[in-house]
Structures are given as structure tokens and as C-alpha cells.
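A.B. asks: have a look at this fold, sequence not included:
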């Protein structure tokens, strides 16, 4: 499969954005690259940026490999992407307000009602509840893949608790230290204002009853969560308290944080705990991570949860397949960002096609994430394909399928030298009462194995710094 | 039929609790098959008791208290007038569309055996209503029901594998099968009064309801192998037990929780007290 390369296009050209980088790569002795890479690794180890991999008993925490060659986007490319992202996130928020409110899109037949009602992420507690300032998805991570010079597809919307933004920031930090000369020759848009933008977003959505200086905290499931490093990193950058469920208490529908000076009222909670675990009185009763009564406080309008409860219904993979229609319905505009063509296995003809072509397709669980519960047909063995064939026959509505996309490649420093590896991009889009913001670029994830299309860090993916440059 | 219910739930703690919150789904609503004559909920300690409703429309009381709490007893007393509508639930407050009740939940996740059973038990019958009656009878025959009140539920698949469960488990098995057949099914908690037909059934109980296009919601009580009658008092409905549980709680501090429950549900002796 021939893929578009971010540096060389279809192989014969040198794309202008990579001009200076190409020259630098040619001049740089391999020993220097190897040295810088080990320095980068040392740096990441020292700051303790790790990621837990579920189902891996050997090492529960590992370093996500970092590749020192940046991925470069030009300003015009980014401008178009950013416009598309703003439109997409606007539509996601309008969709959520609608399915938990008037349900116009269901009445208009834009999406089959049972896809919403049967979805476990459609939280009945949220029906007819007005979220503060009308915003549901304050922090979105939209996964983008590129297939040629002009075409970007949205692979997945992450509207629950998207992670990875700490890597975006740390990658830049490391690059600035290791390669100051590259930043002298490139005008790279900064990303270090992300915490300021996030803080402004969170402050803007405080309940109207809160003081002018709302008290914000970040709620983590704790140190055993795969993204705990990121939680503590962000709390530190935001200048807010990092709390676990047991640090919060609810009294008379008001949330308080335990402090050495006694309980302190909390106005906004950037929560990195999933819906199911956030309140044992309402959701899973066996959850010890959450805060009993927090949903009551939320519904009384005394605290803002970011993201809102129930956003998962918008990023479900079956709902995803309707996003072009959803964007059009709510914004009245043609979608700027395309969707990957998707077969909905719940439709019998589609499932028949998928079953006949399993070895060519990527099959995903509607409710899966992080690359778990996924079949990449061309790279799967017979047994894996048969397992999915059985699953698809037993429960077709649990799956979607997509063509195996030729994700763009980017030069990457691997054991054999500099070689192309497939990449994707996760930009972070913030929505507050103050509007939408998005730092230029995002997190580039790279599949380090030759030919691999799975970029998830849990499946052997790495990351790169992402540059948006003034070309 | 007039049914008089007394239900007491008593917690004793070896070490005192500092704060507790209880979510109580212990109050019936009116519908065509039942009329609530009187009802009261009374905790035996000071605290805040607030009434509201959940997304399904069930009446929910939230009781919270703090201090040094060594025990709590919640007493429920009431009288409900019932009519036998052959299981049909009409005139009830319905806040969510039936499609919601086609979701699988943690307690109603099917396995291969349940999928097969759902199809085999119902394939001789054509119409959905007949299929559900067949399913009720098949499960009543297939599974034994433990009414000792000494066990907790284990979920549909595990209970079906064991061919044994408490009424809650039987309801979950039935719902899982009905959902597999594409029908919306929900969990109902309530009370059953002892009667000539069901002399051993008295107490807190659980059954299921299925939504059929031609009839609306209809109850099926697998533990008793029949549709609910005027001996059944309906309290709360939800996606599964966790959703409709009579009591959910959280507490800070305290240890060694000891729970004692007593329930009586009796047919009131004479009708002439109605003045």
C-alpha cells in the first residue's frame, strides 16, 4: 500500500514545509540523532512521564517512545484543519444539547433514535437538564488522519476525557531543549499557552452562582490510572488542586474539597473519571473512585463538570458514522472535515459485505477505545479473523467497519535509520462560554513498527512533536 | 384488593458512621392497577429527607445524616388498593422511551447459553405476547427460586448457568432473553402479598415488564410463573436491579455493617374500613 508521505508526497517531491528539516536531516550525523534520542529518553524518564498499559503484566508503566523528528504542517494546512475542527466541535455540542433536550435531530430522522436510546453512554440523568452555559464537551480530542496532500479524515471524536495533551506539551519542551537550532530556522507556532486556554475555558463555565474567582480542581481516579501522570501535570500547569474522590465531599448539594483550613467550596471540576465511576449513588455502586452525591450537586446547578456527564453518546463509533449529517443539520454548512467511509454492521447488507471482506477491513467495537477490541484485517491472522467473524454474527450492532486507510507517513528515526512510519494527529479543541480555542497542531502519534497502522500508545505507538510553521 | 405493607430496614454499625446518604426507592406511584391509599417513610434518626424522582419517574427519597451514627432504621408503612389487570401496566408515568430498555447492562449481559435459550424457549409461538408467556413458563420450569432472602443477586448469565437464583436473578434472566429477542424489558421491584394462589410468596419481590407494541408494558413474574396480579404492588422500575434498587447508600467512616430486614405484605382483612 503506497501512502502519502508528509515530507516527500507520493515519493518524488520534497514538500516545501520540510525543506529546511530535510537539509538538517541530511547534514546531521546518525550518531548525533542517536545521542539526542537517548537524551530525550533520559529527559522523559527524569520527569516521570509514563503510561500504564492494561493487560501487560511485565511492566505496568512504560515510557511512550518519543521520536525526535517533528511532524510539520504549514499554516494554510492548519487553518483549514482548524476551521473544520471548530465546525465539528460546534456540531458535537449542539448534538448533545439536542439529544438531551428537544431531540430535533431524532424527529428529523438524521439519526435512528434507537442508536441514542440504546446507547449505554446516553445518560438518562442528563435528559432535560440544562448544563451550565449550554456546553457539554469542553475538551475534545479529534483524531485526524491524512491520506493525501488535501484530504484529512476524522477517524474518531473523543468527547469524554481525551488524554495525551501532556505529551503534546512535553514533546515541545524536549524539542526546544535538544534542538534549539531547528527553532531558529523555523517559525513554529507555540503550544505552551494550552494551560492558560484550558483554565480560561474552565473558569468561563463556572456556575452562575460561583464567585468571580471560581474554585477549580482536577478530579483523578488516582495513581493507578493510565493517565495519572497527565492529571498531575495538568493540575500543576493549571495551578489547581489535584484531587481524588475521597478528597471531595458533598453536603446539601454543594461540593467541598477537604483542605487543612477546613472544607472549601468547589465550583468547577475538570474530571478525568468516567461517567460510570463518578457517583456510586447514581452510577456503578461498586465504584470507590467517585464522589457520592456529586451528580445531585451537579443537577442542582452548584458545580460544573467538565466534560459534562453523557458526552459519550456523541463519540460512539456508530453515531460517528452519522457525523456528516449531524454537522450539516446543526451548522447548516457542508462538513469541512470528512468522515472515513464506514459500514454500519447493524445494517444487514453492510454486515454481509463486511463478513465477506474481513481480511481487507478494519473492524471496530462500537464502544471500544484505545485500540482495544479492534481487528486490522490485512495484518490479522486467520484465528483473529474467525474470532471477529463470530462476534459480528452474534452481535452485529456492536461493530462498525472501515476500509484500511493508507495513513500518511512521516520520516521517523528508527533502528535502521530514518524511515517513513504511519502517523495520525490528535488536536485538542476547547469549548467554553468564551468561545472555541485550539492550540496549533496537537499530538502526533506514530506507529513505530514498519507498516503498522495502529498508533495507540497501548499498542506500541510513539509520539512526535507537531509543528505548525509559517512557510 | 387492599394490601397493607410494613417494611423495616435496619443497619447497625460496629463503629459509628460519620456521614451517610441513602437513596430510597421505596414509594409506589398510582397507575390503573394500583392506588396508593397511604404511605410513609420514617428514618429513626435525625437527618434530611428529601423527595424527588429519577429519570424513569420513580419516586426517590434521599436521606442524609451526619454526626456519630451507630445505627439506622428506616420504616415504611402503607396501604395500596390493587386491581388485577393481568399484568398490564396502564396509566403509569413513563418518562423514557421504550427503546432505552433494550440496552444490556452489567447484570443483564447475555452469554451464548442465554441467547440459545431465548430462541428455543419461544420459537413455537408466533406473537410476541405468546412468546413472553412461553418464556415465563420455560424459566419457571428451568430455574429454581430461592426465597430465603439470605442471598444476593449474581446477574443473569451466572444465575442461568446455575439454574438457580433469587427473584431478582430470575427477572434479570427473563429481561436478558426478552432483549435478545428485540423487545424492551425492564426490572421492577415491589411487594407481593401472600394469597391462596401464592402462599409462600409474601415479601419484597422482583419481576420484569416487557413493552409490546400492541399492549404497552406487561409484567411477567418468572419466580411465580405468571403475570403479576392484584397481589403485586409495584414500586420502582429501571434497566436492572442496580437502577431500581430499594436502597442505595454511601457512608463515610463506620465499619462492620449489619443489615436486618423485615417485610410483611398482607391482604387487609375487610373492605368496610374504607370510610
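C.D. replies: Nice, thanks for sending it over. Because the structure is predicted, anything quoted here is derived from the model rather than measured.
A.B. asks: could you confirm residue A:378 falls within a helix?
C.D. replies: Yes. Under DSSP: H, G, I helix; E, B strand; the rest coil, residue A:378 falls within a helix.
A.B. asks: pLDDT-wise, which helix or strand of chain A ranks last?
C.D. replies: Across the helices and strands of chain A, mean pLDDT, DSSP states H and E gives its lowest value to strand A:51-52, namely a mean of 58.
A.B. asks: where does the residue most central in space within chain A sit: helix, strand or coil?
C.D. replies: Nearest to the geometric centre of chain A sits residue A:141, at 3.3 Å (CA atoms, centre = their mean). With three-state DSSP as the basis, residue A:141 sits in strand.
A.B. asks: the domain parsing of chain B - what is it?
C.D. replies: Per automatic domain parsing, the domain ranges recorded for chain B read B:2-80+B:246-268, B:84-244.
A.B. asks: just name the most buried of these.
C.D. replies: domain B:84-244 (a mean of 20; mean count of other CB atoms under 10 Å in any protein chain shown). Every C-beta, even on glycine, is put in place using the N, C-alpha and C of the backbone.
A.B. asks: do that one and chain A meet at all?
C.D. replies: Yes. In terms of CB under 8 Å from any CB of the partner chain, part of domain B:84-244 sits within range of chain A, namely B:95-97, B:99-100, B:102-106, B:112, B:115, B:242.
A.B. asks: can you tell me the average pLDDT over that domain?
C.D. replies: In this model, domain B:84-244 carries a mean pLDDT of 93.
A.B. asks: and residue B:7, how far from residue B:169?
C.D. replies: Distance of residue B:7 to residue B:169, computed by CB to CB, to the nearest Å: 21 Å.
A.B. asks: and the helices in chain B?
C.D. replies: B:112-122, B:128-142, B:156-162, B:167-180, B:241-244 (DSSP state H).
A.B. asks: to residue A:443, which of those lies closest?
C.D. replies: helix B:241-244 (36.5 Å; CB to CB).
A.B. asks: and the contacts of the closest one?
C.D. replies: Outside helix B:241-244, the residues within contact range by CB atoms under 8 Å, 6 or more residues apart in numbering or on different chains are A:284-285, B:25, B:56, B:58, B:105-107, B:153, B:168, B:171-172, B:187-189, B:206, B:235-238, B:248.
A.B. asks: repeat the analysis, applying 7 Å as the threshold.
C.D. replies: A:285, B:25, B:58, B:107, B:153, B:168, B:172, B:187-189, B:236-238 (CB atoms under 7 Å, 6 or more residues apart in numbering or on different chains).
A.B. asks: do stretch A:273-285 as well
C.D. replies: Contacts of stretch A:273-285 (CB under 7 Å, 6+ apart): A:123, A:125, A:160-161, A:219, A:221, A:271, A:287, A:289-295, A:309-310, A:312, B:21, B:23, B:242, B:248, B:250.
A.B. asks: do that again at 6 Å, thanks
C.D. replies: A:219, A:221, A:287, A:289-290, A:292, A:294-295, A:309, B:23, B:248, B:250 (CB atoms under 6 Å, 6 or more residues apart in numbering or on different chains).
A.B. asks: now it: buried residues?
C.D. replies: Judged by neighbour count using 16 or more other CB atoms under 10 Å in any protein chain shown, the buried positions of stretch A:273-285 are A:273-284.
A.B. asks: which strands or helices does the host helix or strand of residue A:169 pack on?
C.D. replies: Residue A:169 belongs to helix A:165-178 when elements are defined using DSSP states H and E. Judged by 3 or more CB pairs under 6 Å, 6 or more residues apart in numbering or on different chains; DSSP states H and E, the packing partners of helix A:165-178 are helix A:30-47, strand A:461-469.
A.B. asks: following that helix in sequence, what is the next regular element?
C.D. replies: Going down the chain from helix A:165-178, the next helix or strand is helix A:180-185, by DSSP H and E.
A.B. asks: count the residues that sit near residue A:385.
C.D. replies: Residue A:385 sits with 14 neighbouring residues when counted by other CB atoms under 10 Å in any protein chain shown.
A.B. asks: residues of the stretch 201-350 of chain A that sit close to chain B?
C.D. replies: Contact residues, the stretch 201-350 of chain A versus chain B (CB under 6 Å from any CB of the partner chain): A:280-281, A:285, A:292-293.
A.B. asks: narrow these to those in strands?
C.D. replies: Judged by DSSP state E, these include no members of strands.
A.B. asks: these into a markdown table, with extra columns for pLDDT?
C.D. replies: Listed next are those as a markdown table, based on pLDDT from 0 to 100:
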| residue | pLDDT |
| --- | --- |
| A:280 | 95 |
| A:281 | 95 |
| A:285 | 89 |
| A:292 | 95 |
| A:293 | 95 |
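A.B. asks: which one of the residues you listed is nearest residue A:424?
C.D. replies: Nearest member of these to residue A:424, counting by CB to CB, is residue A:280, at 35.9 Å.
A.B. asks: about what we covered before: next one: the helix holding residue A:169 to chain centre, how far?
C.D. replies: Distance of helix A:165-178 from the chain centroid (CA atoms, centre = their mean, to the nearest Å) equals 18 Å.
A.B. asks: contacts for that helix?
C.D. replies: A:36, A:39-40, A:43, A:49, A:191, A:230, A:233, A:428, A:443, A:463, A:465.
A.B. asks: which one of those residues sits closest to residue B:162?
C.D. replies: Nearest member of the contacts of helix A:165-178 to residue B:162, counting by CB to CB, is residue A:230, at 43.1 Å.
A.B. asks: turn the contacts of helix B:241-244 into CSV, columns for distance to residue B:260.
C.D. replies: Formatted as CSV, the contacts of helix B:241-244 follow (distance: CB to CB, whole Å):
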residue, distance to residue B:260
A:285, 20
B:25, 19
B:58, 25
B:107, 25
B:153, 19
B:168, 19
B:172, 25
B:187, 24
B:188, 24
B:189, 19
B:236, 22
B:237, 26
B:238, 25
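A.B. asks: let me have the contacts of helix A:165-178 in CSV, adding neighbour count and pLDDT as columns.
C.D. replies: Below are those laid out as CSV (neighbours: other CB atoms under 10 Å in any protein chain shown; pLDDT from 0 to 100):
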residue, neighbour count, pLDDT
A:36, 18, 91
A:39, 14, 91
A:40, 20, 90
A:43, 16, 87
A:49, 19, 67
A:191, 22, 97
A:230, 22, 93
A:233, 22, 94
A:428, 24, 98
A:443, 26, 96
A:463, 23, 94
A:465, 27, 97
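A.B. asks: dump those to a markdown table, plus distance to residue B:30.
C.D. replies: Below are the contacts of helix A:165-178 laid out as a markdown table (distance: CB to CB, whole Å):
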| residue | distance to residue B:30 |
| --- | --- |
| A:36 | 75 |
| A:39 | 73 |
| A:40 | 69 |
| A:43 | 68 |
| A:49 | 59 |
| A:191 | 60 |
| A:230 | 51 |
| A:233 | 55 |
| A:428 | 51 |
| A:443 | 55 |
| A:463 | 60 |
| A:465 | 64 |
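A.B. asks: ranges for the strands of the stretch 251-400 of chain A?
C.D. replies: Ranges of strands in the stretch 251-400 of chain A, per DSSP state E, counting those that start in this stretch, are A:254-257, A:264-265, A:268-271, A:304-306, A:338-339, A:343-344, A:361-365, A:374-376, A:399-403.
A.B. asks: mean pLDDT for those: which is lowest?
C.D. replies: Of all the strands of the stretch 251-400 of chain A, mean pLDDT reaches its minimum on strand A:374-376 (a mean of 87).
A.B. asks: which strands and helices lie in contact with that one?
C.D. replies: Using 3+ CB pairs under 6 Å, 6+ apart: strand A:374-376 touches strand A:361-365.
A.B. asks: pLDDT below threshold where in chain A?
C.D. replies: A:1, A:48-62, A:368-372, A:471 (pLDDT under 70).
A.B. asks: switch the cut-off to 50
C.D. replies: For chain A, the stretches flagged by pLDDT under 50 are A:55-57.
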